[in-house]
Each structure stands twice: as structure tokens, then as C-alpha cells.
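Asker: Provide a 3D model corresponding to the input given below.
(one chain, ligands or ions: 2)
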Amino acid sequence: MNGLPETDTAGGFRWWLRRRGRADATMGSMTDSNSTRAYPDPWPAPLAAHPLDATVTIPGSKSLSNRYLILSTLGTRPVTLVGLLRSRDTDLMMGALKAFGVKCDVDPDDETTVTVIPPASGRFHGGETVYCGLAGTVMRFVPGLALHADAPVRFDGDAQAYKRPMKPLLDGLTQMGARVDYEGEEGFLPFTITPPQVIDSADSADSADSADSADSADSADSADSADSAAATELHVTIDSSGSSQFISGLLMAASRFPRPVAITHRGAHLPSLPHIRMTMADLQASGISVTMDATADGKPGDTVDATAGDSATAAVHAVTWHVTPGEVQLPSRVVVEPDLSNAAPFLGAALIAGGTVRVPNWPENTTQPGGLLPQYLRNFGADAQRSADGVMTVTSDGVASGGVHGLGDFDLSAAGEIAPSLAAIAVLAHGDTALHGIAHLRGHETNRLAALVAEITRIGGDAEELDDGIRIGSVPLASLHGAVMETYADHRMATFAAMIGLVVPGVEVTNVATTRKTIPDFPGMWNAMLAQHR
Ligand SMILES: O=C(O)C1=C[C@@H](OP(=O)(O)O)[C@@H](O)[C@H](O)C1
Ligand SMILES: C=C(OP(=O)(O)O)C(=O)O
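Answerer: Ligands and ions are numbered 1, 2, ... in the order given. Sure, this is the predicted structure:
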């Protein structure tokens, strides 16, 4: 079952801590993805009986919601977040912040309006377990807060989360003076972060008392004697090929560091650059100076234009961000954009079933990689237009008409989280698609490349893993057949299966409740989309 670590490899005390951590993180039923509104398991995916004509309002962006929650926490004054996503990942984030002593007041009349009140002292409480579930944004963004805590903080998550890579982030935090103790395999959850003794010089005596005194010599050394180096940049180098979230997490952690920090990625790939740009933009909106420069093959001065096409990043071997820490403060009221990546199954449905799907509140400009979605859908052959009042309208004749074609070789490194939705369209399209630049999807909620190949093959489709992605061959629609499709506790594998089920009879989806990771009621929204008529 998704949601609970099933095995205990570390003895009864750790089991108790783990359970306590879950309890600390539990906010209502949303942290356990199987425990809310009952849908049958497996869930019969509805067929589209006719072309679509629907308007679908998409809840708030997961990526923006969880960044705003972290940045509000790093500030000193309350911030009201309007249109916050309320789903498992954001509830886990709020649970994590509460463990640090942050208040998240939910508006009783609208649960998507939440006021975040940082601790008056500016200091975070340590000593608790943070339960990360399967949320990358929690397990990669919250550990940076532990740098500023008054005691060690333990991190745990779902059994499946134990496979998600963490080491580059934790190596980065170690270079910033933290100590990391792993309970199981090095580089993976669960672990405990002991903050450096010198992180907040005003409070250093307190922190030395409350943290494990045996650690103080190490920590002081590794923090590079902050007193003498106050204005010098601390250099942190990691390989962020496995996830952009390592860089994002370190950038946010650096925003309150006592000295400037230069964070360098040195590695073969840098996926999801728009998500890193989102972090930079959100930090800048909070008053923090952060810049990015790049060198090709690590040769100084031999720069590549990493600020131009996001797909050009495959050639970038070294990129450095410079963070000048300061007072982090978001505006007092922040409105969260809809989750444009979560719009993909719904807008993609127009290409699969044919017809029109509209999504209101589509931003004119956005830092979300989902902003690239309309162009991706045009590449498949759809019409996608945003009206002046912000309605994104996608229209297509549908896969049965032959008007949806494959993408050929396609670089998706900028927006890998959309891959499962594009894969569903590609399975049903005329012509082949090969999605490249997404090797790191093997470390997402599940190994998404293997999962997609298994599920496409299960229904009679043609797919194979590539070193850096997936190839999906075109087969006649009539040769695809229904099956019980596995979802591997992965919300995007569930929405992928639902998309296929629009035109392939007999598709059933296991554990559709796993969609609660980022959408409060996906099956309800899907049924409502199919039920709409003009
Ligand atoms: O920073 C973020 O909010 C995210 C970054 C991306 O992670 P990867 O770079 O690991 O793909 C994305 O896939 C994930 O859904 C959200
Ligand atoms: C990769 C994803 O999530 P996470 O934030 O858990 O990494 C995703 O939502 O597709």
C-alpha cells in the first residue's frame, strides 16, 4: 500500500520515531493518499462517448505552493497564500513546517487560503521528525531549513521514497556545515541533519547547548569559520543531474546563510531548468539576489547561453549560482497560479477524445514548465490558444481522425514532469515519438521510464526505454486493449492510464487515490469534464 513504510529495518525505537513523524505530519486525511473519498480499486477509467466540450478549473501549482510555503517560513512577517494547492504534497509541507514551529492558519471559509506565520524568534525548532511522504519538494526543500534549527531534525518518508536520490542535496548541506547521519543506505531517506553550530552567530551559544555537543568541532570546521569569512563566498559543488530540486533546495537554504554562497552544478545533465529559474524568481521576489552563470565543459570564460533555450542545457557541464543572503520576505499576499503541468491530462484529453477543453486563469507569463505545454500540444497537431482573459483553449479532431501525429525525436529535458501525459498522447498518435533528456525520471515517484514501458506494453502498445528517455511506437488504435493498469503509487501514472482509457475500452486504474499527491479529487474532475456539454 502506498503511504506507509511497511518494513522496519532499524529497530523498535526508530519505528516509533517514524510513526511519530507520520503523526506529526498528518493533517486530516490528506497525507495518506489512500484514506479519503472512496473510489473503487481498480477504478474503471471512463470512455469518452463523444467529443469533449469542457471547461476545467485546475487547482494551484504544487511547485509554486511548496516554494511559497518555504519562503514564507524563511521570512519574519506573516504571508497569506491565496489559491494554495491542498493535496498530499502541500499538506506534507505544512506538516513539516509545523514541526519547525511555523504556524499555517487555514481560512475556515476557504481551505486554499493559508496564512503562514514564521516563529517570532526567527529560529526553527529542531528535535522532530519531518515526514516527507513521496514528495520531492518536501524531501529536497525542507532539509535546508534544518540548517537554521536549534536541534537535529530527522527526515523520513514512504517506503518508496527511500529510493529517491538525496545525496547531492545532503552533500551540499554538508558543505554548508551540516552533519548528516543516514539510518539506512547512504544518500537516501531516512536520515538526521544536525545543524552547524555557527549558522546564526547571534544564537550560537544556544545552538551549541541544544545540539549534540559531540558534533560541534566538526561542524565549526566544516562551516569554514564564518566569523572570519563573513563576506567571502562559500563554494558548494554538487552534481544535480538526478534532479533540479537539489539546486532549488540549496538556493533556498543559502538565502539565510551568514555569508554569500556560490552553488555549482558540475555534471552531465541539468534537468528541469525552468524549475530552477522558478526558484530564482521566487527568491528574487522575496528580496534575495541570485544570479546564474554557466561554463561549457568547465572551461572558464567559455560560456554557453544557459539563459536562452532551455533545451540547450544538455551541453552545459558546469553552472554556478551566486546567492547573496539577506532578509527573505515575500509580499504579504501571494496568489498561486494554477498547476499548468496538472492541466496536461485535461488539455491532452482534447487531443485523445477530440473536441475542446478550456482551462481558465492561464497566466500570460509564468515560471512553470507547464507554460511549455500549449506548444507541445501544437506539435502533436492540436490548436492551442490563450484568450486575452486568460482562458487556454485546446481543440483537436482526436486520435481517431488521424490528425494527432507523433513528435519524432523530442527534447523534454525542460519539463520532464509532463512526460507521462505526453506519453499517453504519443501511444495513441499516428507516428513515433522519442522523448529525450529525461533519464532522471528513473528517480521520480517510481522509475517512470520502466513504468511507462510496462504499462504501454500491457495494453498492446509499443515502447522501449532509451538511455535518456523513452521511444513510443505508433500502433493502430484497434490493436490496443483494456487491462488493469498499475500506477506504482505515482500520480502521473494514474492520470496517464485515465487518458488512455478515454478511447481504449476496459482500462482500469489501480490506486487512483494516488492522484491526491497533487490533485485533491482527480477522478471527480475527470468525470465532471466528461459530463460537460454546451
Ligand atoms: O522543483 C520542483 O517543483 C520540481 C522539479 C522537477 O523535479 P526534477 O528536476 O527532479 O524532475 C519536477 O519534475 C517536479 O515535479 C517538481
Ligand atoms: C516528479 C514529481 O514530483 P516530486 O515533486 O515529488 O519530485 C512530479 O510531480 O511529477
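
Asker: Where does pLDDT dip in the stretch 401-534 of the chain?
Answerer: For the stretch 401-534 of the chain, the stretches with pLDDT under 70 are 534.

Asker: do the chain as well
Answerer: Residue ranges of the chain with pLDDT under 70: 1-37, 198-231, 295-316, 534.

Asker: which bits of it sit near ligand 2?
Answerer: 135-137, 417, 444-445, 492, 518 (C-beta under 6 Å from any ligand atom). Any C-beta I mention is one placed from the backbone N, CA and C, and that applies to glycine too.

Asker: what do you get if the cut-off is 5 Å, keeping everything else the same?
Answerer: 135-137, 417, 444 (C-beta under 5 Å from any ligand atom).

Asker: could I get those residues as TSV with secondary structure, distance to ligand 1 and neighbour count?
Answerer: Formatted as TSV, the residues of the chain next to ligand 2 follow (DSSP: H, G, I helix; E, B strand; the rest coil; distance: C-beta to the nearest ligand atom, whole Å; neighbours: other C-beta atoms under 10 Å):
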residue	secondary structure	distance to ligand 1	neighbour count
135	coil	9	29
136	helix	6	27
137	helix	5	24
417	helix	4	25
444	coil	6	23
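
Asker: I'd like the residues you listed as CSV, with distance to residue 101 appended.
Answerer: Written out in CSV, the entries for these read as follows (distance: C-beta to C-beta, whole Å):
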residue, distance to residue 101
135, 20
136, 24
137, 20
417, 31
444, 31
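
Asker: Helices of the stretch 51-200 of the chain, residue ranges please.
Answerer: Secondary structure of the stretch 51-200 of the chain by DSSP state H, counting those that start in this stretch: the helices cover 62-74, 88-99, 136-141, 167-175.

Asker: so which of the ones you listed comes closest to residue 346?
Answerer: For the helices of the stretch 51-200 of the chain, distance to residue 346 was read as C-beta to C-beta. The smallest value, 15.5 Å, belongs to helix 62-74.

Asker: hey, what's the residue nearest to residue 148 when sequence neighbours are not counted bridged with?
Answerer: Nearest residue to residue 148 in three dimensions, chain neighbours excluded: residue 124, at 5.3 Å (C-beta to C-beta, 6 or more residues apart in numbering). According to DSSP bridges, the partner residues bridging residue 124 are residue 149.

Asker: Around residue 124, how many other residues sit close by?
Answerer: Burial measure for residue 124: 24 neighbouring residues, criterion other C-beta atoms under 10 Å.

Asker: Relative to residue 117, which of the helices of the stretch 51-200 of the chain is closest?
Answerer: Evaluated with C-beta to C-beta, the helices of the stretch 51-200 of the chain place helix 62-74 nearest to residue 117, the distance being 8.5 Å.

Asker: can that closest one be found next to ligand 1?
Answerer: Yes: counting by C-beta under 5 Å from any ligand atom, contacts between helix 62-74 and ligand 1 involve residue 63.

Asker: Number of residues surrounding residue 192?
Answerer: As a burial measure, residue 192 scores 19 neighbours (other C-beta under 10 Å).

Asker: So residue 325 sits against residue 256, correct?
Answerer: Yes: in this structure, residue 325 is within contact of residue 256 by C-beta atoms under 8 Å, at 5.7 Å.

Asker: Who has more neighbours out of those two?
Answerer: Neighbours were counted for residue 325 and for residue 256 using other C-beta under 10 Å; residue 256 has more, 21 against 17.

Asker: Report the contact partners of the more buried one.
Answerer: Applying C-beta atoms under 8 Å, 6 or more residues apart in numbering to residue 256 gives the contacts 74, 147-148, 325, 328.

Asker: out of these, who's nearest residue 269?
Answerer: Within the contacts of residue 256, distances to residue 269 taken as C-beta to C-beta reach their minimum at residue 147, with 26.9 Å.

Asker: Please tell me how far the closest one sits from ligand 1.
Answerer: Counting by C-beta to the nearest ligand atom, to the nearest Å, the gap between residue 147 and ligand 1 amounts to 19 Å.

Asker: do you know how far that residue is from residue 97?
Answerer: Computed as C-beta to C-beta, to the nearest Å, the residue 147 to residue 97 distance reads 15 Å.

Asker: go on, residue 141?
Answerer: Remark: distance between residue 141 and residue 97 (C-beta to C-beta) = 11 Å.

Asker: Please give me every residue in contact with residue 329.
Answerer: When the contact criterion is C-beta under 8 Å, 6+ apart, the partners of residue 329 are 75-77, 286-287.

Asker: Which ChimeraX command selects the buried ones in the residues you listed?
Answerer: In ChimeraX, the members of these classed as buried (16 or more other C-beta atoms under 10 Å) are selected with the following command:
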select :75,286
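
Asker: In TSV, list the contacts of residue 329 along with distance to ligand 1.
Answerer: Supplementary listing: the contacts of residue 329 in TSV, determined by distance: C-beta to the nearest ligand atom, whole Å:
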residue	distance to ligand 1
75	20
76	25
77	24
286	16
287	21
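
Asker: for the contacts of residue 329, which one is nearest ligand 2?
Answerer: Comparing those against ligand 2 with C-beta to the nearest ligand atom picks out residue 286 as the nearest, at 20.6 Å.

Asker: Do I have it right that that closest one meets residue 73?
Answerer: No: the pair residue 286 and residue 73 does not pass the contact test of C-beta under 8 Å, sitting 11.0 Å apart.

Asker: OK, now which residue of the stretch 1-150 of the chain is nearest to ligand 2?
Answerer: Among the residues of the stretch 1-150 of the chain, residue 136 lies nearest to ligand 2; the distance is 2.4 Å by C-beta to the nearest ligand atom.

Asker: make that the stretch 351-500 of the chain, sorry
Answerer: Nearest residue of the stretch 351-500 of the chain to ligand 2: residue 417, at 3.6 Å (C-beta to the nearest ligand atom).

Asker: Contact partners for residue 358?
Answerer: Applying C-beta under 8 Å, 6+ apart to residue 358 gives the contacts 54-56, 391-394.

Asker: Buried ones among these?
Answerer: Of all these considered here, the ones buried according to neighbour count by 16+ other C-beta under 10 Å are 54, 56, 392-394.

Asker: Of all pairs in those residues, which one is the farthest apart?
Answerer: For the buried ones among the contacts of residue 358, with distances taken as C-beta to C-beta, the pair at the greatest spread is 54 and 392 (12.6 Å).

Asker: Quote the end-to-end distance of stretch 137-150.
Answerer: One end of stretch 137-150 sits 23 Å from the other (C-alpha to C-alpha, to the nearest Å).

Asker: same thing with stretch 354-373?
Answerer: Taking C-alpha to C-alpha, stretch 354-373 runs 17 Å from one end to the other.

Asker: What of stretch 129-148?
Answerer: Terminal residues of stretch 129-148 lie 15 Å apart, using C-alpha to C-alpha.

Asker: Which positions within stretch 326-344 qualify as buried?
Answerer: Of the residues in stretch 326-344, those buried under the neighbour-count criterion (16+ other C-beta under 10 Å) are 328-330, 334, 336-344.

Asker: which one of the residues you listed sits closest to ligand 1?
Answerer: Ranking those by separation from ligand 1, with C-beta to the nearest ligand atom as the measure, puts residue 341 on top at 7.0 Å.
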